[in-house]
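>>> Give the three-dimensional model of this entry:
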Amino acid sequence: SINIYISNKVNNKSLILDIVSGIEEESVLYETFIVDEKDATDLAFSAASESVLEVGVGVDSKGSLVVHYKKLPPDKPLFKINYNINIDDVRSTCSNAARLVKGTPFIINK
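Alright, predicted model coming up:
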């Protein structure tokens with residue numbers, strides 16, 4: 001499954017719903033974990049490293065949502081958005097995490 005690491009300081013149920021909905025739309029399994037606060041990039045890389053599918057999502061309380069792939073350098077995530085500014089992009093960004101697993105083209109937001 002795709003691992004989703006959410007900071008224990010994030011308390012936004014609609015954000016979490018958008019995250020899992022984006023992945024569910026692509027029919028890919030996911031698992032959510034509430035973890036100690038860290039930078040979203042670090043969370044996402046840890047999530048990807050511990051996922052059999054090698055894809056992880058990290059969410060921190062500063063507004064960052066990151067999608068990472070285990071084969072990328074730890075400081076070079078695949079996608080990074082500010083969910084406080086780009087809330088409409090959360091679902092498609094997380095769909096792209098699932099699309100990476102499936103090998104289908106990414107959704108490009110304009």
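
>>> alpha carbons only for contacts and neighbour counts from here, please
Noted.

>>> Where do the helices of this structure begin and end?
With helices called from DSSP state H, the chain shows them at 13-24, 40-49, 90-102.

>>> Point out the most buried one among those.
helix 40-49 (a mean of 26; mean count of other Cα atoms under 10 Å).

>>> Now do it, average pLDDT.
Across helix 40-49, pLDDT averages out at 98.

>>> Distance from the chain centre to that helix, please.
9 Å (Cα atoms, centre = their mean, to the nearest Å).

>>> Next: stretch 39-51.
How far stretch 39-51 lies from its chain's middle: 9 Å, per Cα atoms, centre = their mean.

>>> do the same with stretch 29-49
8 Å.

>>> Ok, stretch 85-96 next?
9 Å.

>>> What of stretch 37-55?
That offset, for stretch 37-55, works out to 8 Å (Cα atoms, centre = their mean).
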